[in-house]
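**Student:** All I have is the shape, not the residue letters:
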């Protein structure tokens, strides 16, 4: 009986083994089929996410029960589709699920994919620094694996993160490494992604010849993929490169080709972005009819995919096109609608660029008051961004100081503990060996003396550090000029004892406020390193043309302020002329190119005293800021000086501050105009109020009275 049971068990085991062998190929085939279906969704996830989401949901139950790498790829694609549809919260949950699963299964490939997805979602949520750190961590994890496509993707993301932080050398080395890895992987799609990122980096670096060289290979590789989405992506990259390389016609052709491919693919999100880029391209060429056509199409497309940013940008382009056509009020309303989005999203860098373009459009259309208002808002944002950067630098310095202070405290505590230990040993030695008492006391004295000297040396170093911290907190790190904070503290400390020169005195104080003309254009064309060189050169020039006793301050991003404590009242125009011509005489050499620079200036004696009552320094600076914007609006490379007030009792100081140009026209203020060398060989003179009643450029051509 026992023998028959054993034989029956053995037969059942044989049948189960045979059945497993028969079923295994079918199960593997089913898994292979699932893997292929998920891989096929990858292109849709990038370009048509709504279609990708539907296809992924069809296989979700099967994919969640699949093997490690298939499940990881499924979660990656599902998270990516959700993110591209703007569902960042769901996308983040899926990325966190993938990361947790990867750690549970101890899979670096899956973990790298999860970290990359989390980096992309964080970037979409405008948390750039956090996104960069995640990308760097993903690259470190991916490099522990043998999966070349994942390593390529992670290296590309790290390179792009370095580029966004402005570290182009690191970015270049990463993206070149990504291209090399992609070639080893024999994956054309990985190679296309790496070449696309490298072309964009060369565009940012303004290395246009190299950019076009890489672009040629990118277009060739994209053609072999037979993917409309990949080719459309390459064409959009070609547009960006051609636009920056001053080849607008080629850029437009690339955009039109991309638009046709995107419509063929049904990539509605890409269509909306390409349409708004086309409207912007035609706007830059002054083709307002086509600008309006493509911008209106972009609004319709943006609403289909709920892309508020594209719609807002289209509104801005429509507004500027209408202003260019002379339809000023309609244009202003459209721009206001577009600006509302940027204000709600608190996107200050983009808001600054938009206001600058808006001001230029209004200035070109002859609406000088509107242009000054736009410039004033742009300058306010610029100052806020500059102040944030300055505070960040101060915080970093303070953190460094606190860390050093803690380290010194730890060292002192350690020495104290050593001293206590020594004293205990001394007492024990005293109890045991009386005849060594004198030697022990001598050694103790020597140790205490040594410690005292070290503590004293540490205190001296602490004092030096404090002085260095105070000096650095009062200086701008780029130009070494005084910063706004130092000037404010200086003026507050002197607020109680303002200078009151006697009646008829020829010696006064003075304030000069300078702003670099077209500074954004310099940054855009030559790069931020060139912009920094321009700022340091102007700082050196101001040291040359002003006196050692004059306080020179970096007031904001590209603004400088000079406080002259004692100058001749009738010499202010000459000082303004010296500043204008001194800056204009500088030819700044950068990477084999000569950069010409001009500034606009507002100035006034200090203190200003309408009706005999001195104004605070803040109100004085506000008035010369308005004079500066008059110089901007009336042609740049010139200075407007507020000499004094007339008949102020007939108006209010608030009215003068709100509209300095109208107060000048009405005869309530006395302004002088100083033209830079490029505008009239350095002409200085007063500007009678009657001169302002003519054409819009009258103040620039006013003769001396």
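**Tutor:** Looks like it arrived, so ask away. None of the values given here were measured: they were computed from a predicted structure.
**Student:** Could you look up the SS state of residue 34?
**Tutor:** helix (DSSP: H, G, I helix; E, B strand; the rest coil).
**Student:** check contacts around residue 324.
**Tutor:** Residues in contact with residue 324 (Cβ atoms under 8 Å, 6 or more residues apart in numbering) are 283, 286, 288, 331, 361, 364, 365. Just so you know, the C-beta spots here come from the backbone N, C-alpha and C atoms, and that holds for glycine as well.
**Student:** which element is the fifth one on?
**Tutor:** The reference is to residue 361. Using DSSP states H and E, the element containing residue 361 is helix 348-365.
**Student:** now what about that helix, what contacts it?
**Tutor:** So helix 348-365 is contacted by 316, 319-320, 323-324, 326, 328, 331, 335, 338-339, 342-343, 368, 370-372, 374-375, 377-378, 381-382, 384-385, 520, 633 (Cβ under 8 Å, 6+ apart).
**Student:** mind listing the helices for the stretch 1-150 of the chain?
**Tutor:** 2-47, 49-58, 60-64, 68-84, 88-105, 108-124, 128-142, 148-164 (DSSP state H, counting those that start in this stretch).
**Student:** Which one of the ones you listed has the poorest average confidence?
**Tutor:** Note on those: helix 2-47 shows the lowest mean pLDDT, a mean of 57.
**Student:** Dihedrals phi and psi, residue 671?
**Tutor:** phi -110, psi 150 (degrees, to the nearest 10).
**Student:** Hmm, it is touching residue 665, no?
**Tutor:** No: using Cβ atoms under 8 Å, residue 671 is not in contact with residue 665, being 10.1 Å away.
**Student:** Give me the more crowded residue out of these two.
**Tutor:** Applying other Cβ atoms under 10 Å to residue 671 and residue 665 shows that residue 671 carries more neighbours, namely 25 against 17.
**Student:** Who is that one paired with across the strands?
**Tutor:** residue 642, residue 687 (DSSP bridges).
**Student:** per-residue confidence at it?
**Tutor:** At residue 671, pLDDT is 92.
**Student:** Same question for the one 3 residues further on.
**Tutor:** The predicted local confidence for residue 674 comes out at a pLDDT of 94.
**Student:** helix, strand or coil for it?
**Tutor:** strand.
**Student:** Next, count neighbours for it.
**Tutor:** The burial count for residue 674: 28, using other Cβ under 10 Å.
**Student:** The stretch 201-350 of the chain: strands as residue ranges?
**Tutor:** Under the criterion DSSP state E, counting those that start in this stretch, the stretch 201-350 of the chain contains no strands.
**Student:** Spatially central residue for the chain, please.
**Tutor:** residue 349 (6.4 Å; Cα atoms, centre = their mean).
**Student:** quick one on the thing from earlier: so can I have a markdown table of the contacts of residue 324 showing distance to residue 601?
**Tutor:** As requested, these are arranged in a markdown table below (distance: Cβ to Cβ, whole Å):
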| residue | distance to residue 601 |
| --- | --- |
| 283 | 32 |
| 286 | 31 |
| 288 | 35 |
| 331 | 31 |
| 361 | 24 |
| 364 | 23 |
| 365 | 25 |
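**Student:** Show me which positions of stretch 573-592 end up buried.
**Tutor:** Going by neighbour count (16 or more other Cβ atoms under 10 Å), the buried part of stretch 573-592 is 573, 575-584, 586, 588.
**Student:** Any figure for the gap between residue 544 and residue 456?
**Tutor:** 43 Å (Cβ to Cβ, to the nearest Å).
**Student:** And for residue 534?
**Tutor:** Residue 534 is 46 Å from residue 456, by Cβ to Cβ.
**Student:** between those two, who's got more neighbours?
**Tutor:** Ranked by neighbour count (other Cβ under 10 Å), residue 534 and residue 456 place residue 534 first, with 22 against 10.
**Student:** Pull the contacting residues for the residue nearest to residue 647 when sequence neighbours are not counted.
**Tutor:** Nearest residue to residue 647, sequence neighbours excluded (Cβ to Cβ, 6 or more residues apart in numbering): residue 668, at 6.0 Å. Contact partners of residue 668, counting by Cβ under 8 Å, 6+ apart, are 645, 646, 647, 648, 650, 651, 656.
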